[in-house]
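Chemist: for reference, the sequence and a predicted model appear below.
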Amino acid sequence: MALQLEDDRFCFVCGSNNPHGLQLTFRRDGEKICSDFTPAKRFQGYRDILHGGIISAVLDEVIVHAAMAAGLSPVTADLRVRFKKPVLIDRPVTAEGMVTKKGTRVVEGTGRLIDAATGELLAEAEAKMILTVYP
């Protein structure tokens, strides 16, 4: 039986109805799905540094959105994040995600968080997702 995924616009990362969330929007850029945003102070961990859990959530979301843009209906089963450099509060960043492998029940993808001004890699992730509706 397929899991019914329902979007009520309250997702912490992309929900437009969630006043406490990030409210990210996504766009296609070739094979990638991207989101540009500037982290707010309310999402910091240490002073002026974005919390690692928020970074992980953003990377998870951009990878899932890449799979959805490919017409798939996934949920994350495994997410591995590598933090390269601090993500600074009030400094614009770009999240990028893409599908790297499609199976009949499992999809794999990667994501990156990049400093929008310098192009430096700040964090990267790999995800395995389970399809809720099989092709």
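Modeler: Perfect, thanks for sending it.
Chemist: buried residues in stretch 30-49?
Modeler: By neighbour count with 16 or more other C-beta atoms under 10 Å, stretch 30-49 contains the buried residues Lys32, Ile33, Cys34, Ser35, Phe37, Pro39, Phe43, Gln44, Ile49. In this view, the C-beta of every residue, glycine as well, is placed from N, C-alpha and C.
Chemist: residues contacting the fifth one?
Modeler: What that stands for is Phe37. Residues in contact with Phe37 (C-beta atoms under 8 Å, 6 or more residues apart in numbering) are Leu22, Leu24, Val58, Pro92, Val93, Ala95.
Chemist: of those residues, closest to Asp7?
Modeler: Leu24 (13.8 Å; C-beta to C-beta).
Chemist: quick revisit: of all the contacts of Phe37, which comes closest to Ile130?
Modeler: Val58 (20.5 Å).
Chemist: this structure: helices as residue ranges?
Modeler: 52-69 (DSSP state H).
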